[in-house]
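[1] Structure for this input, please:
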Amino acid sequence: MAGADADDALLVLTAMLLTPARFPSVLGDDYVAACAALALEPYEEGYGLVLGQDGEGARWTVVVDDVSLVAVAIAAWDCGMAHDLSPDERSVVCALPGWPLALTVAAPGVPAPHDPETDGLGPAPLAPPDPESWGPAQRRLGADEIAERWALWREQIDDAAFVRPDGERRGEAAEGTGSDGAGSENSGGPGGGSGDEPGSGSTVGGEGAESGAPAAGHHPGVRRALSEAVAYTRTPPPPGRIRSVFASADTRTLRVDGPGWSMVARTDDIALILLDEEPGAVLPVGRGPALPGLLEALDALAPHPA
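    Predicted coordinates for the structure are as follows:
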C-alpha cells in the first residue's frame, strides 16, 4: 500500500467491487448480506476489495472506500491494460486475513500464499468455499459462471423440449422429460457431475406458482423461486438481490438470488435456475407468455450503473 513499510506493503493480485450493483456473490445473496459477511456497514457508495499478499506471502483482503479507484483499475485490467492499483492508506477501511475466493496467481519473490498468523486475534481468515461440496455459495458461483458464459450454456438447451402454453410439447425431443415436467437437470452443471448432455427443459404456460408467475412444471423449488421473483416486483428486495449487466444493445443479463435459489436470465430469452436442494442441476424455464414481463420488471428494479 502507498506509504507502507516494505514488509507491510501489499502486493496486489486482483481487486473487486462491493457495491449494490456488483459484489462477489460468494459472500451472500445480496449486498447487505455480503457486507455482513465482512462485518462492514452496507453504505450505498460501497467498497473496493483489494486482494494480495504481504512481504511474507500471507493472504490479505484490504477493504477501501475509494470505489472509483478500484473500478478504474478493474476496467483497465479487463481491457488488457497494465494499471497500478495503490490505494492511499487514508482510504483503507480494514484489512482482513485470507481471501474470499481462490486465486490461481501468486506474487513473485515471496513465499507461497498462506493465511497470516493472527494468534487467534481478530476475525478468522477468509476462505473460498469447498468446490467439492454444494451449498448457497457454490450455487451463487455456479450462477455467476452461467451468466459469464451464457452462450455456451444456452446452446445446450433444446428449445423443442419446452412445453407450449397449451401444454403440448414442441417436437419429439421433449419425450424424455419426466412426467412431472419439473425441468431438466444438467448433471455437468456448476459443482455437479460429469454429464455431457443437458436435460430436456422445464415447462412453460399453464398456471404458475402464483398469479403472474411463469409456469415451471411441478418442481417445488423452481416454482418457489419464480413465486419469490414475482414477489420482488411487488415488494423490492434488499439491494443486490437483483443485478443487471449489459449483454447487447437491447439485452440485459439478469442475476437474481433468493433464499435457496439463484436465477440467470437474458431479458430476450429464457431463465436458468439453480437450487440448494439440487446440487449441480441447471433447471431451464422456457420463455412463454409470462416470463418476458417478469424479466422486464426485475430489470427495472436493478441498479444500472453508468
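[2] Where does pLDDT dip in the stretch 1-150 of the chain?
    For the stretch 1-150 of the chain, the stretches with pLDDT under 70 are 1-8.
[3] Let me see the ranges of the helices in it.
    31-37, 67-78, 136-148, 150-154 (DSSP state H, counting those that start in this stretch).
[4] Would you reformat those as CSV and include mean neighbour count and distance to G280?
    For the C-beta atoms, the positions are set from N, CA and C on the backbone; glycine is no exception. Output for those, formatted as CSV (neighbours: other CB atoms under 10 Å; distance: least, CB to CB, whole Å):
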stretch, mean neighbour count, distance to G280
helix 31-37, 20, 23
helix 67-78, 15, 29
helix 136-148, 21, 8
helix 150-154, 14, 13
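[5] what would these look like in JSON lines with distance to Q53?
    Output for the helices of the stretch 1-150 of the chain, formatted as JSON lines (distance: least, CB to CB, whole Å):
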{"stretch": "helix 31-37", "distance to Q53": "22"}
{"stretch": "helix 67-78", "distance to Q53": "17"}
{"stretch": "helix 136-148", "distance to Q53": "23"}
{"stretch": "helix 150-154", "distance to Q53": "33"}
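[6] right, so of those helices, which gets closest to V12?
    helix 67-78 (8.5 Å; CB to CB).
[7] Check which helices and strands that closest one is in contact with.
    strand 11-18, strand 47-53 (3 or more CB pairs under 8 Å, 6 or more residues apart in numbering; DSSP states H and E).
[8] For the longest one, C-alpha coordinates in CSV please.
    The C-alpha coordinates for strand 11-18 follow below in CSV (Å, rounded to 0.1, in the frame of the first residue of the first chain):
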residue,chain,number,x,y,z
LEU,A,11,1.5,-7.0,-3.4
VAL,A,12,-1.8,-6.6,-5.3
LEU,A,13,-3.0,-9.5,-7.3
THR,A,14,-6.6,-8.6,-8.1
ALA,A,15,-9.5,-6.4,-6.9
MET,A,16,-13.3,-6.4,-7.0
LEU,A,17,-16.1,-4.1,-6.2
LEU,A,18,-18.5,-4.5,-3.3
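[9] List the buried residues of that strand.
    Within strand 11-18, the residues that qualify as buried by neighbour count (16 or more other CB atoms under 10 Å) are V12, L13, T14, A15, M16, L17, L18.
[10] Just the residues contacting it, thanks.
    The contact list for strand 11-18, computed with CB atoms under 8 Å, 6 or more residues apart in numbering, reads 22-24, 27, 31, 34-35, 38, 40, 46-55, 63, 67, 70-71, 73-74, 77, 85-86, 103, 105-107, 110.
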